[in-house]
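S.K.: please work out how this folds:
(2 chains)
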Amino acid sequence: MSGEAAVFWVFAALTLGSAAIVVLSRTLIYSAFALLVTFFGVAGLYVLLGADFLAATQLLVYVGGILVLLLFGVMLTHKIYDLDLRTETTQLASGLWVAGGLFVVLTAVALKTEWPARARLPASTTTPIGRLFLGEYLLPFEAASVLLLVALMGAAMIVRRRRDA
Amino acid sequence: MIGLSHYLVLSAGLFGLGILGLLTRRNAVNVLMSIELILNSANLNLVAFSRYAAGNLGGQVFAVFVIVVAAAEVAVALAIVLTLYRLRRTPNLDDAQVLKG
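M.R.: As a prediction, this is how the structure comes out:
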(Lines give C-alpha, C1' and ligand atoms only; values in the text may rest on other atoms or scores of the structure.)
Protein backbone atom coordinates (compact mmCIF):
# COMPACT_ATOMS: atom_id res chain seq x y z
CA MET A 1 0.00 0.00 0.00
CA SER A 2 2.99 2.33 0.25
CA GLY A 3 3.12 2.60 -3.53
CA GLU A 4 -0.44 3.93 -3.56
CA ALA A 5 0.48 6.43 -0.83
CA ALA A 6 3.53 7.65 -2.77
CA VAL A 7 1.46 8.17 -5.94
CA PHE A 8 -1.21 9.98 -3.91
CA TRP A 9 1.27 12.38 -2.34
CA VAL A 10 2.93 13.09 -5.70
CA PHE A 11 -0.39 13.93 -7.36
CA ALA A 12 -1.59 15.89 -4.32
CA ALA A 13 1.57 18.03 -4.32
CA LEU A 14 1.25 18.52 -8.09
CA THR A 15 -2.40 19.56 -7.82
CA LEU A 16 -2.06 21.91 -4.85
CA GLY A 17 1.22 23.45 -6.02
CA SER A 18 -0.04 24.25 -9.48
CA ALA A 19 -3.37 25.50 -8.06
CA ALA A 20 -1.37 27.91 -5.88
CA ILE A 21 0.43 29.12 -9.01
CA VAL A 22 -2.96 29.60 -10.73
CA VAL A 23 -4.18 31.78 -7.88
CA LEU A 24 -1.02 33.67 -6.96
CA SER A 25 0.92 34.11 -10.22
CA ARG A 26 1.11 37.68 -11.44
CA THR A 27 1.28 36.68 -15.09
CA LEU A 28 -2.00 35.51 -16.58
CA ILE A 29 -0.50 33.08 -19.08
CA TYR A 30 1.42 31.29 -16.29
CA SER A 31 -1.89 30.84 -14.46
CA ALA A 32 -3.42 29.26 -17.56
CA PHE A 33 -0.59 26.77 -17.98
CA ALA A 34 -0.50 25.96 -14.26
CA LEU A 35 -4.21 25.18 -14.56
CA LEU A 36 -3.24 22.53 -17.13
CA VAL A 37 -1.03 20.82 -14.52
CA THR A 38 -3.85 21.05 -11.95
CA PHE A 39 -6.28 19.31 -14.30
CA PHE A 40 -3.71 16.57 -14.99
CA GLY A 41 -3.16 16.12 -11.24
CA VAL A 42 -6.89 15.77 -10.57
CA ALA A 43 -7.15 13.26 -13.45
CA GLY A 44 -4.35 11.25 -11.84
CA LEU A 45 -6.24 11.27 -8.53
CA TYR A 46 -9.35 10.01 -10.36
CA VAL A 47 -7.31 7.08 -11.70
CA LEU A 48 -6.09 6.42 -8.16
CA LEU A 49 -9.73 6.40 -6.99
CA GLY A 50 -10.64 3.83 -9.62
CA ALA A 51 -12.66 6.24 -11.76
CA ASP A 52 -11.13 5.49 -15.15
CA PHE A 53 -13.99 6.86 -17.25
CA LEU A 54 -14.06 10.08 -15.28
CA ALA A 55 -10.28 10.53 -15.62
CA ALA A 56 -10.57 10.25 -19.41
CA THR A 57 -13.51 12.67 -19.40
CA GLN A 58 -11.52 15.09 -17.26
CA LEU A 59 -8.65 15.07 -19.74
CA LEU A 60 -10.91 15.37 -22.80
CA VAL A 61 -13.31 18.04 -21.54
CA TYR A 62 -11.16 20.09 -19.18
CA VAL A 63 -7.78 19.98 -20.90
CA GLY A 64 -9.10 19.70 -24.45
CA GLY A 65 -12.07 22.02 -24.14
CA ILE A 66 -12.27 24.30 -21.16
CA LEU A 67 -8.56 25.11 -20.93
CA VAL A 68 -8.34 25.94 -24.65
CA LEU A 69 -11.40 28.16 -24.24
CA LEU A 70 -9.75 29.92 -21.28
CA LEU A 71 -6.57 30.44 -23.32
CA PHE A 72 -8.72 32.03 -26.04
CA GLY A 73 -10.12 34.27 -23.32
CA VAL A 74 -6.60 35.23 -22.18
CA MET A 75 -5.47 35.99 -25.72
CA LEU A 76 -8.59 37.87 -26.83
CA THR A 77 -8.93 40.14 -23.82
CA HIS A 78 -5.45 41.62 -24.17
CA LYS A 79 -4.04 43.73 -26.90
CA ILE A 80 -1.54 41.81 -28.95
CA TYR A 81 1.36 44.14 -28.08
CA ASP A 82 0.52 43.91 -24.37
CA LEU A 83 3.00 41.11 -23.95
CA ASP A 84 3.47 40.75 -20.22
CA LEU A 85 -0.27 40.20 -19.53
CA ARG A 86 0.00 41.28 -15.93
CA THR A 87 -2.90 41.03 -13.57
CA GLU A 88 -3.38 42.54 -10.17
CA THR A 89 -4.45 41.17 -6.83
CA THR A 90 -6.66 43.13 -4.47
CA GLN A 91 -7.54 42.63 -0.82
CA LEU A 92 -5.09 39.77 -0.39
CA ALA A 93 -5.14 39.88 3.43
CA SER A 94 -8.90 39.63 3.91
CA GLY A 95 -9.15 37.05 1.09
CA LEU A 96 -6.52 34.96 2.87
CA TRP A 97 -8.56 35.15 6.09
CA VAL A 98 -11.77 33.97 4.39
CA ALA A 99 -10.13 31.20 2.37
CA GLY A 100 -8.01 30.02 5.29
CA GLY A 101 -11.04 29.98 7.60
CA LEU A 102 -13.04 27.94 5.09
CA PHE A 103 -10.15 25.49 4.72
CA VAL A 104 -9.86 25.05 8.50
CA VAL A 105 -13.61 24.48 8.92
CA LEU A 106 -13.80 22.00 6.03
CA THR A 107 -10.75 20.11 7.27
CA ALA A 108 -12.14 19.91 10.80
CA VAL A 109 -15.46 18.56 9.49
CA ALA A 110 -13.70 16.05 7.24
CA LEU A 111 -11.51 14.75 10.04
CA LYS A 112 -14.09 14.73 12.86
CA THR A 113 -16.99 13.05 11.07
CA GLU A 114 -17.33 9.27 11.14
CA TRP A 115 -17.88 8.46 7.47
CA PRO A 116 -19.45 5.12 6.57
CA ALA A 117 -16.92 2.80 4.95
CA ARG A 118 -18.17 0.63 2.11
CA ALA A 119 -15.44 0.27 -0.45
CA ARG A 120 -16.62 -2.01 -3.21
CA LEU A 121 -16.60 -0.75 -6.78
CA PRO A 122 -16.47 -2.60 -10.10
CA ALA A 123 -13.02 -2.80 -11.66
CA SER A 124 -14.08 -1.04 -14.86
CA THR A 125 -16.56 1.79 -14.45
CA THR A 126 -17.34 2.70 -18.07
CA THR A 127 -20.02 0.08 -18.72
CA PRO A 128 -21.91 0.61 -15.43
CA ILE A 129 -21.82 4.40 -15.88
CA GLY A 130 -23.21 4.05 -19.39
CA ARG A 131 -26.00 1.82 -18.09
CA LEU A 132 -26.78 4.36 -15.34
CA PHE A 133 -26.94 7.21 -17.87
CA LEU A 134 -29.37 5.40 -20.14
CA GLY A 135 -31.38 3.94 -17.28
CA GLU A 136 -31.67 5.52 -13.87
CA TYR A 137 -30.30 8.96 -14.87
CA LEU A 138 -31.93 9.22 -18.30
CA LEU A 139 -33.87 12.42 -17.59
CA PRO A 140 -30.87 14.44 -16.27
CA PHE A 141 -28.83 13.07 -19.19
CA GLU A 142 -31.32 14.44 -21.72
CA ALA A 143 -31.64 17.71 -19.78
CA ALA A 144 -27.84 18.09 -19.90
CA SER A 145 -27.87 17.80 -23.69
CA VAL A 146 -30.51 20.54 -23.93
CA LEU A 147 -28.47 22.66 -21.47
CA LEU A 148 -25.35 22.33 -23.64
CA LEU A 149 -27.27 23.32 -26.77
CA VAL A 150 -28.83 26.35 -25.07
CA ALA A 151 -25.48 27.42 -23.58
CA LEU A 152 -23.72 27.20 -26.96
CA MET A 153 -26.45 29.18 -28.73
CA GLY A 154 -26.51 31.73 -25.90
CA ALA A 155 -22.74 32.19 -26.03
CA ALA A 156 -22.86 32.69 -29.80
CA MET A 157 -25.70 35.19 -29.43
CA ILE A 158 -23.86 37.20 -26.75
CA VAL A 159 -20.58 37.63 -28.64
CA ARG A 160 -22.20 38.29 -32.04
CA ARG A 161 -21.56 41.77 -33.37
CA ARG A 162 -24.82 43.50 -34.07
CA ARG A 163 -24.95 45.10 -37.50
CA ASP A 164 -27.80 47.49 -36.74
CA ALA A 165 -26.38 48.92 -33.53
CA MET B 1 -2.90 3.79 3.93
CA ILE B 2 -4.67 6.50 1.96
CA GLY B 3 -8.28 6.92 3.04
CA LEU B 4 -11.27 9.14 2.50
CA SER B 5 -10.04 11.92 4.81
CA HIS B 6 -6.87 12.40 2.74
CA TYR B 7 -8.95 13.19 -0.32
CA LEU B 8 -11.33 15.39 1.67
CA VAL B 9 -8.50 17.51 3.08
CA LEU B 10 -6.86 17.77 -0.34
CA SER B 11 -10.11 18.91 -1.89
CA ALA B 12 -10.63 21.40 0.96
CA GLY B 13 -7.24 22.86 0.11
CA LEU B 14 -8.15 23.10 -3.56
CA PHE B 15 -11.47 24.73 -2.61
CA GLY B 16 -9.71 27.25 -0.36
CA LEU B 17 -7.28 28.20 -3.13
CA GLY B 18 -10.20 28.63 -5.52
CA ILE B 19 -12.04 30.88 -3.06
CA LEU B 20 -8.85 32.90 -2.54
CA GLY B 21 -8.51 33.45 -6.28
CA LEU B 22 -12.19 34.27 -6.62
CA LEU B 23 -11.92 36.96 -3.94
CA THR B 24 -8.58 38.53 -4.77
CA ARG B 25 -8.06 38.46 -8.55
CA ARG B 26 -9.21 41.38 -10.63
CA ASN B 27 -8.94 39.80 -14.06
CA ALA B 28 -12.19 38.17 -15.19
CA VAL B 29 -10.49 35.22 -16.92
CA ASN B 30 -8.50 34.55 -13.77
CA VAL B 31 -11.70 34.52 -11.72
CA LEU B 32 -13.07 31.92 -14.15
CA MET B 33 -9.96 29.77 -13.57
CA SER B 34 -10.59 29.97 -9.82
CA ILE B 35 -14.19 28.81 -10.36
CA GLU B 36 -12.81 25.83 -12.29
CA LEU B 37 -10.60 25.00 -9.28
CA ILE B 38 -13.67 25.05 -7.01
CA LEU B 39 -15.65 22.79 -9.34
CA ASN B 40 -12.70 20.39 -9.52
CA SER B 41 -12.49 20.19 -5.74
CA ALA B 42 -16.22 19.41 -5.54
CA ASN B 43 -15.75 16.70 -8.17
CA LEU B 44 -12.86 15.20 -6.23
CA ASN B 45 -15.10 15.02 -3.16
CA LEU B 46 -17.89 13.34 -5.13
CA VAL B 47 -15.57 10.69 -6.56
CA ALA B 48 -13.88 10.06 -3.21
CA PHE B 49 -17.24 9.60 -1.47
CA SER B 50 -18.38 7.32 -4.28
CA ARG B 51 -15.27 5.18 -3.83
CA TYR B 52 -14.95 5.05 -0.04
CA ALA B 53 -18.31 5.83 1.55
CA ALA B 54 -21.19 5.08 -0.82
CA GLY B 55 -19.90 2.01 -2.59
CA ASN B 56 -21.83 2.77 -5.79
CA LEU B 57 -21.28 4.88 -8.89
CA GLY B 58 -23.73 7.68 -8.14
CA GLY B 59 -20.97 10.11 -7.22
CA GLN B 60 -19.14 9.55 -10.49
CA VAL B 61 -22.34 10.13 -12.47
CA PHE B 62 -22.84 13.41 -10.60
CA ALA B 63 -19.22 14.36 -11.33
CA VAL B 64 -19.89 13.90 -15.06
CA PHE B 65 -22.89 16.23 -14.77
CA VAL B 66 -20.71 18.78 -12.95
CA ILE B 67 -18.21 18.63 -15.83
CA VAL B 68 -21.05 19.23 -18.32
CA VAL B 69 -22.31 22.23 -16.36
CA ALA B 70 -18.73 23.57 -16.07
CA ALA B 71 -18.31 23.41 -19.85
CA ALA B 72 -21.59 25.29 -20.41
CA GLU B 73 -20.71 27.81 -17.71
CA VAL B 74 -17.26 28.64 -19.07
CA ALA B 75 -18.62 29.09 -22.62
CA VAL B 76 -21.28 31.59 -21.54
CA ALA B 77 -18.98 33.35 -19.05
CA LEU B 78 -16.26 33.82 -21.66
CA ALA B 79 -18.83 35.24 -24.07
CA ILE B 80 -19.80 37.77 -21.39
CA VAL B 81 -16.14 38.60 -20.69
CA LEU B 82 -15.43 39.14 -24.40
CA THR B 83 -18.47 41.39 -24.76
CA LEU B 84 -17.40 43.34 -21.67
CA TYR B 85 -13.91 43.71 -23.13
CA ARG B 86 -15.32 44.99 -26.41
CA LEU B 87 -17.44 47.50 -24.52
CA ARG B 88 -14.95 48.75 -21.90
CA ARG B 89 -11.55 47.75 -23.36
CA THR B 90 -10.54 46.13 -20.08
CA PRO B 91 -10.77 42.61 -18.61
CA ASN B 92 -10.84 43.94 -15.04
CA LEU B 93 -14.00 43.25 -13.10
CA ASP B 94 -13.64 46.45 -11.07
CA ASP B 95 -14.31 48.50 -14.20
CA ALA B 96 -17.58 46.73 -14.96
CA GLN B 97 -19.80 49.26 -13.21
CA VAL B 98 -22.15 50.21 -16.03
CA LEU B 99 -25.21 49.15 -14.05
CA LYS B 100 -24.16 51.12 -10.96
CA GLY B 101 -26.46 54.13 -10.55
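S.K.: measure stretch B:51-59 end to end?
M.R.: Here the two ends of stretch B:51-59 are set 8 Å apart, with distance taken as C-alpha to C-alpha, to the nearest Å.
S.K.: briefly note if that stretch comes near chain A.
M.R.: Yes: residues of stretch B:51-59 contacting chain A under C-beta under 8 Å from any C-beta of the partner chain: B:51-58. All C-beta atoms are positioned from the backbone trio N, CA, C, and that covers glycine.
S.K.: near residue 2, how many other residues are there?
M.R.: Unless you meant another one, I'm taking chain A. Using other C-beta atoms under 10 Å in any protein chain shown as the criterion, A:Ser2 is surrounded by 8 other residues.
S.K.: my bad, the chain I had in mind was chain B
M.R.: Taking other C-beta under 10 Å as the criterion, the count of residues near B:Ile2 is 18.
S.K.: list the contacts for the nearest residue to it once chain neighbours are set aside?
M.R.: Across the structure, with C-beta to C-beta, 6 or more residues apart in numbering or on different chains as the measure, the residue nearest B:Ile2 apart from its sequence neighbours is A:Phe8 (4.7 Å). For A:Phe8, the set of contacting residues under the criterion of C-beta atoms under 8 Å, 6 or more residues apart in numbering or on different chains consists of A:45, A:48, B:2, B:6.
S.K.: correct me, but B:Asn30 touches B:Gly21?
M.R.: Yes: taking contacts as C-beta atoms under 8 Å, B:Asn30 lies within contact range of B:Gly21: 6.6 Å.
S.K.: in the one helix or strand A:Phe103 maps to, what's buried?
M.R.: When secondary structure is defined using DSSP states H and E, the element that contains A:Phe103 is helix A:92-112. The neighbour-count criterion (16 or more other C-beta atoms under 10 Å in any protein chain shown) identifies A:95, A:98-99, A:102-103, A:106-107, A:110 as the buried residues of helix A:92-112.
S.K.: wait, B:Val76 touches A:Ala156, no?
M.R.: No: using C-beta under 8 Å as the test, B:Val76 is too far from A:Ala156 to be in contact (10.1 Å).
S.K.: higher neighbour count, the two?
M.R.: Using other C-beta under 10 Å, the more surrounded residue of B:Val76 and A:Ala156 is B:Val76, with 16 against 11.
S.K.: got phi/psi on B:Ala57?
M.R.: Check again: residue B:57 is Leu, not Ala. For B:Leu57, the backbone dihedrals are phi -100, psi 10 (criterion: degrees, to the nearest 10).
S.K.: do you know the pLDDT at it?
M.R.: The pLDDT attached to B:Leu57 in the predicted structure is 85.
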